[in-house]
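>>> Predicted model and sequence below, questions to follow.
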Amino acid sequence: MKKLEDFKSGNYIKIDDYKAFMPSLINEDWIWNDSELNKLIFQATLELGNLNGFAEQIPNIDIYIKMHVKVEANKSSKMEGTRTTIDEELLEKYDVNPEKRDDWQEVQNYVEAINYGIDRVKELPVCTRMIKEIHSILLKDVRGEHKSPGEYRTSQNWVGGSRPSNAVYVPPIPSEVSNCLSDLEKFINNENINTPELVKIAIIHYQFETIHPFLDGNGRTGRILIPIYLLSKGIINKPCFYISDYIEKNKEAYYDFLSRVRSNNDIISWIKFFLEATIETAKAARIKFEKVSNFTKEINNLIMKLPAKSDNLRKVIDVLYNEPSVSRNFLVEKTGIKPGTVKNIIKILLENDIIVEKTGYSRNQVFSFDKYVNLFK
């Protein structure tokens, strides 16, 4: 057993005109004396349990999670410089401003990577193989596609600055990446230690970002690892916990706490920050799903009062929960309802402020389920 109070983050190795950080190995059974840390672990576990329980009670929760994932993708990608809004992410690529289409694609890749991880973890433990697969999806056909998608780096990278000698942070040299990741993988799947899972994932996230094993996409990959790990360990039963919104709002503190581990060995402060993020994120997600649940009940009651067949209205609304921004032809295709009937339903939904038309055109119109989307913003 090792104490977090005695944590040694690593040391710097002189390479030419710069120093690269070599992290210490972490595959240990970690203990601590900090009572405040115990309190935060208890609160975080309680809030995740509340979120779990609420998610289990909501019918069709997987439909709402789909929108939840899209918001996570937007927030996480925004930390890496993308400029698209959530509303733009719901459009088809050809409806997005050409200057933002690369950003749009990066967010779509993030959604695909999360969903891939959610499915993959059902059959495979979290491991370096899975991490590389997720990374490969993230960088497919986007600006990082030439930076070895799905492959660990064989050259030096750095964070901030124009070169390693003036960088904010220089991760370990390429020849050490494999050894660091092997230790990380062992820690992820070590069943012989008693370190609570929430403390483990905090350490895992720190270590992954410190290793920075890819030439690009490390931040996004590291944030995807959090819900995937929690799912694999049964801490959450549904993929409904995403931390990027909190991190994006507290970005400076996030980077500062990670940096302080390397500079001051202060892993405890980082874990506390992570646990506070977990508490606030779990609370926010539960409240969000509660609002969504109430909203769907209101919509169901309203459907019964509108001047159209309730079965057809429900089919259209069900499509809108899955795809909140649609064309008339898309609704016809997905519902199997005749075009004239869909046109009439759209008219009724517009008149009752359930959907809005986004383009202002008389043709090629796009209709958005804004009241639903806004619940997730």
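Here it is on my side, so go on.

>>> Okay, buried residues for the helix or strand harbouring residue 44 please.
Counting by DSSP states H and E, the element that carries residue 44 is helix 35-57. Neighbour-count burial for helix 35-57 flags 37, 40-41, 43-45, 47-48, 51-52, 54-55 (criterion: 16 or more other Cβ atoms under 10 Å). For every residue, glycine as well, the C-beta is placed using N, CA and C.

>>> okay, the nearest residue to residue 276 once chain neighbours are set aside: pLDDT?
Nearest residue to residue 276, sequence neighbours excluded (Cβ to Cβ, 6 or more residues apart in numbering): residue 40, at 6.6 Å. Predicted confidence (pLDDT) at residue 40: the value is 98.

>>> for residue 40, what are its contacts?
For residue 40, the contacting residues are 272, 275-276, 279, by Cβ atoms under 8 Å, 6 or more residues apart in numbering.

>>> State the pair within the residues you listed that is farthest apart.
272 and 279 (10.5 Å; Cβ to Cβ).

>>> ok, residue 266 to residue 202 distance?
Distance, residue 266 to residue 202, using Cβ to Cβ, to the nearest Å: 13 Å.

>>> of all the buried residues of helix 35-57, which comes closest to residue 129?
Nearest to residue 129 among these is residue 48, at 27.0 Å by Cβ to Cβ.

>>> I figured that closest one hits residue 234, correct?
No. Counting by Cβ atoms under 8 Å, residue 48 does not reach residue 234; the two are 10.9 Å apart.

>>> model confidence over the lengthiest helix in the chain, on average?
Secondary structure assigned by DSSP state H gives helix 267-303 as the longest helix of the chain. Computed over helix 267-303, the mean pLDDT rounds to 94.

>>> Let me know the angle separating that helix from helix 35-57.
Angle of helix 267-303 versus helix 35-57, following axes from the mean of the first three to the mean of the last three Cα atoms, to 10 degrees, is 20 degrees.

>>> what about stretch 358-375, start to end distance?
End-to-end distance for stretch 358-375: 18 Å, by Cα to Cα, to the nearest Å.

>>> next one: stretch 348-368
Start-to-end, stretch 348-368 (Cα to Cα) is 14 Å.

>>> Return the residues in contact with the residue of the chain most remote from its centre.
Most distant residue from the mean C-alpha position of the chain: residue 307, 40.4 Å away (Cα atoms, centre = their mean). Residue 307 makes contact with residue 348 under the criterion Cβ under 8 Å, 6+ apart.

>>> Now do the same for it: its pLDDT.
89.

>>> now swap in residue 255 and tell me
Value for residue 255, per-residue pLDDT: 96.

>>> Let the chain start at 91 from now.
Got it, first residue is 91 now, which makes that one residue 345.

>>> Quick check: which element contains it?
Residue-wise, residue 345 maps onto helix 341-354 under DSSP H and E.

>>> tell me what that helix is packed against?
Applying 3 or more Cβ pairs under 8 Å, 6 or more residues apart in numbering; DSSP states H and E, one finds that helix 341-354 contacts helix 287-301, helix 357-393.

>>> Format those helices as CSV; extra columns: distance to residue 328 and mean neighbour count.
Output for the helices and strands packed on helix 341-354, formatted as CSV (distance: least, Cβ to Cβ, whole Å; neighbours: other Cβ atoms under 10 Å):
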stretch, distance to residue 328, mean neighbour count
helix 287-301, 16, 22
helix 357-393, 10, 18
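
>>> Those into CSV, with extra columns for distance to residue 458?
Below are the helices and strands packed on helix 341-354 laid out as CSV (distance: least, Cβ to Cβ, whole Å):
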stretch, distance to residue 458
helix 287-301, 35
helix 357-393, 15
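
>>> nearest to residue 310, of these?
Closest approach to residue 310 among the helices and strands packed on helix 341-354 is made by helix 287-301 (11.0 Å; Cβ to Cβ).

>>> got a list of contacts for the closest one?
99-100, 111, 113, 116, 120, 127, 131, 134-135, 138, 261-262, 267, 270-271, 274, 277-278, 285, 308-309, 311-313, 315-316, 319-320, 323, 325, 348, 351-352, 357, 360-361, 364-365, 368.
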